[in-house]
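Student: Got a sequence here, can you model it:
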Amino acid sequence: MIFSRFFLSLLLALTLLAGCSSGDDDDDSTAAETDDDDDDDNDDNDNNDDNDDNDDDEATACWADLPVGEKAIFAQGFDMSEGIAFSAAGELFVANRTAVSLVQPDGTWAPIVDFVYPIGIAFAPDGDLYVCDFGASSLPAPNDGAIYKIGPGYAKTLVATGVANPNFITYTPRGTFLVSDNETATIYELTLGGELTHWLDGLVSPDGMVYSPDRQTLYVAGTIAPGSPLFAVSLDAAGLPLDFAVLAELDKGSWPDGVALDENGMVYVTENLSGKIVRVDPATGDFTALAAGMEGPASMAFGAGPDFDPCSLYVTELRGTHVWRVSVGAHAYPLVAEE
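Tutor: Numbering: from 1, shown residues only. Here you go, the predicted model:
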């Protein structure tokens, strides 16, 4: 996240004014004293601004307690956790088998809204949390999947139906969502009004998605596609798909799942079956293992807010019971360009 900083530059002018008044009569001296009082007030304001800047720096500084590439258990007791997302207020939400849960900074958690089989989750700018629900069946037919949103007071509203297996969901620079269906080789576009259209067909087993820094490419994990690919979908000026190609073939049979992007443009991919997170260089397609030893790492999100490390990925675990924290030593790249 990008923070604004404000710097005041009036102190010099006020100091010069006070100096010019020193040779005047008593009334002028009184005015100079008043100016000095104003200077003191401005100094206080400057100090307050500096303190605010320091607070911002502290909030966005990488935590030093966990070496890069190391992992630590952040929360536990989950069953088939998948989707994960931070709100703008720095609250953490996790999709956990039959519910979406709110997770506290100390790792304790509680379900807030029940679903059939919630998978991907993502926030809209208005603060509503959109949830992909597989439904009772995980087969291409019947199309019993649905997308819901959780609004104020955790009110649950149906947004769209007719998707076989809505899996991952991400907000777009177009002001819509993309929803991947790994069973039907389809990526849908969903408007906030609930209109669902085919955005891209033919991409085998699409799952996690993230935009490149220039918004001209969408990286997509091909979960059960041959070769364990990370796809690169090229986009036109309107953000619509032009073509796609394999950017990298990850560890054989690893089932690429969730994706994330750091401030340096590096792409992180969870390998569900290998238990790893790998870091991919989009310029070359080369990848290296960042962390291992997890039971089905699924989705991940960079920490947000004052109570979470902004330079760590918080990672759900499909076959295990944990949410992990993995230090990567870099901040997230904003998912949607700020205006």
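Student: From now on I want contacts and neighbour counts done on CA atoms only, so please keep to that.
Tutor: OK.
Student: Quick check: L196 vs A95, distance?
Tutor: In this structure, L196 and A95 are separated by 22 Å, where distance is defined by C-alpha to C-alpha, to the nearest Å.
Student: Comparing those two, which residue is more hemmed in?
Tutor: Using other C-alpha atoms under 10 Å, the more surrounded residue of L196 and A95 is A95, with 31 against 19.
Student: My reading is that that one is in a strand; is that accurate?
Tutor: Yes. Secondary structure assignment (DSSP: H, G, I helix; E, B strand; the rest coil) places A95 inside a strand.
Student: what sits against it?
Tutor: S81, E82, G83, I84, S101, P118, I119, G120, I121 (C-alpha atoms under 8 Å, 6 or more residues apart in numbering).
Student: Leaving out sequence neighbours, find the closest residue to it.
Tutor: G83 (4.9 Å; C-alpha to C-alpha, 6 or more residues apart in numbering).
Student: what sits against that neighbour?
Tutor: By C-alpha under 8 Å, 6+ apart, the contact list for G83 reads V94, A95, N96, P118, I119, G120, I121, F168, A298, S299, M300, T316.
Student: can you tell me which residues contact the fourth one?
Tutor: This points to P118. With contacts defined as C-alpha under 8 Å, 6+ apart, the neighbours of P118 are 82-83, 95-100, 131-135.
Student: ok, so of these, who is nearest L235?
Tutor: Distances from these to L235 were compared by C-alpha to C-alpha; the smallest belongs to C132, at 24.1 Å.
Student: Make sure I have this right: the closest one is in a strand.
Tutor: Yes. Applying three-state DSSP, one finds C132 inside a strand.
Student: Return the distance of it relative to L218.
Tutor: Spatial separation of C132 from L218 under the definition C-alpha to C-alpha is 20 Å.
Student: how does the protein divide up, domain by domain?
Tutor: Domain assignment for the chain by automatic domain parsing gives 11-60, 71-327.
Student: just these: most buried one?
Tutor: Ranked by mean neighbour count, the domains of the chain are led by domain 71-327 with a mean of 21 (mean count of other C-alpha atoms under 10 Å).
Student: Excluding sequence neighbours, find me the nearest residue to I169.
Tutor: Counting by C-alpha to C-alpha, 6+ apart, V179 is the residue found nearest to I169 once chain neighbours are left out, at 4.5 Å.
Student: so what's the one you found bridging to?
Tutor: Each beta-bridge partner of V179 is listed here, defined by DSSP bridges: I169, Y188.
Student: What pLDDT is listed against it?
Tutor: The pLDDT attached to V179 in the predicted structure is 99.
Student: Same question for D126.
Tutor: D126 is assigned a pLDDT of 97 by the prediction.
Student: For F78, give its distance to R319.
Tutor: 10 Å.
Student: Same question for G90.
Tutor: Distance, G90 to R319, using C-alpha to C-alpha: 26 Å.
Student: Report the distance from stretch 181-198 to the chain centre.
Tutor: The gap between the average C-alpha position of stretch 181-198 and the chain average comes to 20 Å, counting by C-alpha atoms, centre = their mean, to the nearest Å.
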